[in-house]
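> Below: sequence and its predicted model.
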Amino acid sequence: MGLRRVVLWDVDHTLIDTRGVGRDLSMAAFERVTGRQMERQARIDGITEAVIFRETARLHGLDTDRGDFERFAAALAEAHVRRAADLRERGHALPGAAAALDALAAVDGVEQTVVSGNVRAVAEIKLAAFGLDRHIRWDLGAYGEDADERPELVRIALGRAGFTATDAVLVDDTPAGVEAGLVNGVRVVAVATGRSTAAELAEAGADVVLADLTDTEAVVSALS
């Protein structure tokens, strides 16, 4: 058995891009639960689904509770199931994502899971839509329904996986994701495939910054 390590993958703009489908589905789920059209959305980069829903509701003058969020999460998952074909047609796996996941799966002692602001059901649907789910240990990850703040998601995932921070590496495309790893003592590999530039990710403190996932050898070297 080789070195035991767990790779904590972010989903949106790290492994996939929904090309606007995700926002469309959030709008539909928001209206279904609140009875109000979503006229604007709270900041989403690096933020968990529970916080996005709560803050978006506040922008519309609405106070929500945990039950409202749980209904929203269920509606959002149902919307992703119904629109899976649209998700595949409009969205895409980011270049190199599939090869990186496959290559890491072949490395002895490496487990792969997800730490994402998405609720688990949505994260599963998103990765499955692009064939990126086959190497993911979903039971080891942490998701938008588990905690409001990303650092806590990292702590939860480490606990579920039974790994220490020094045996983990987090992959994310946002400064918030970088911070979530660093405050837990987790090595962070940032990818400049989202809205943040390589310079911004480096300034946030990422241990390694990659332009994207297309150089499989470099990705494996950074993560294993």
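Everything's here; your move.
> quick one: residue 209 and residue 14, what's the gap?
To residue 14, residue 209 is 13 Å away according to Cβ to Cβ, to the nearest Å. Glycine gets a C-beta too; all of them are placed from N, C-alpha and C.
> list the residues that contact both of the two?
Common neighbours of residue 209 and residue 14 (criterion: Cβ atoms under 8 Å, 6 or more residues apart in numbering): residue 191.
> Have a look at these two and say which one is more surrounded.
Set residue 209 next to residue 14 and count neighbours by other Cβ atoms under 10 Å: residue 14 wins out with 25 against 21.
> could I have stretch 178-185 exported to PDB, CA atoms only?
This file holds the C-alpha atoms of stretch 178-185, laid out as PDB (Å, rounded to 0.1, in the frame of the first residue of the first chain):
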ATOM      1  CA  VAL A 178      -8.200  28.200  -0.900                       C
ATOM      2  CA  GLU A 179      -8.800  29.700   2.500                       C
ATOM      3  CA  ALA A 180     -11.000  26.800   3.500                       C
ATOM      4  CA  GLY A 181      -8.200  24.400   2.900                       C
ATOM      5  CA  LEU A 182      -5.400  26.600   4.500                       C
ATOM      6  CA  VAL A 183      -7.200  27.300   7.700                       C
ATOM      7  CA  ASN A 184      -7.500  23.500   8.200                       C
ATOM      8  CA  GLY A 185      -3.800  23.000   7.400                       C
END
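> what about residue 213, helix or strand, and which?
If you go by DSSP states H and E, residue 213 is not part of any helix or strand.
> give me every residue that touches the residue nearest to residue 192 when sequence neighbours are not counted.
Counting by Cβ to Cβ, 6 or more residues apart in numbering, residue 198 is the residue found nearest to residue 192 once chain neighbours are left out, at 4.2 Å. For residue 198, the contact set (Cβ under 8 Å, 6+ apart) comprises 190, 192, 209, 211.
> Check those for burial and list the buried ones.
For the contacts of residue 198, a burial check counting by 16 or more other Cβ atoms under 10 Å picks out 190, 192, 209.
> Need those in a markdown table (columns: pLDDT).
Converted to a markdown table, the buried ones among the contacts of residue 198 look like this (pLDDT from 0 to 100):
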| residue | pLDDT |
| --- | --- |
| 190 | 98 |
| 192 | 98 |
| 209 | 98 |
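> now these in TSV, with distance to residue 175 and secondary structure?
TSV is the format used below for the buried ones among the contacts of residue 198 (distance: Cβ to Cβ, whole Å; DSSP: H, G, I helix; E, B strand; the rest coil):
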residue	distance to residue 175	secondary structure
190	8	strand
192	11	coil
209	11	strand
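> ok, so of those, who is nearest residue 218?
Among the buried ones among the contacts of residue 198, residue 209 lies closest to residue 218 (Cβ to Cβ), at 11.2 Å.
> how close does residue 58 get to residue 79?
22 Å.
> These two: who's more crowded?
Higher neighbour count among residue 58 and residue 79: residue 79, with 22 against 12, using other Cβ under 10 Å.
> and the longest helix along the chain, what's its mean pLDDT?
Counting by DSSP state H, the longest helix found in the chain is helix 66-82. Mean pLDDT, computed over helix 66-82, is 94.
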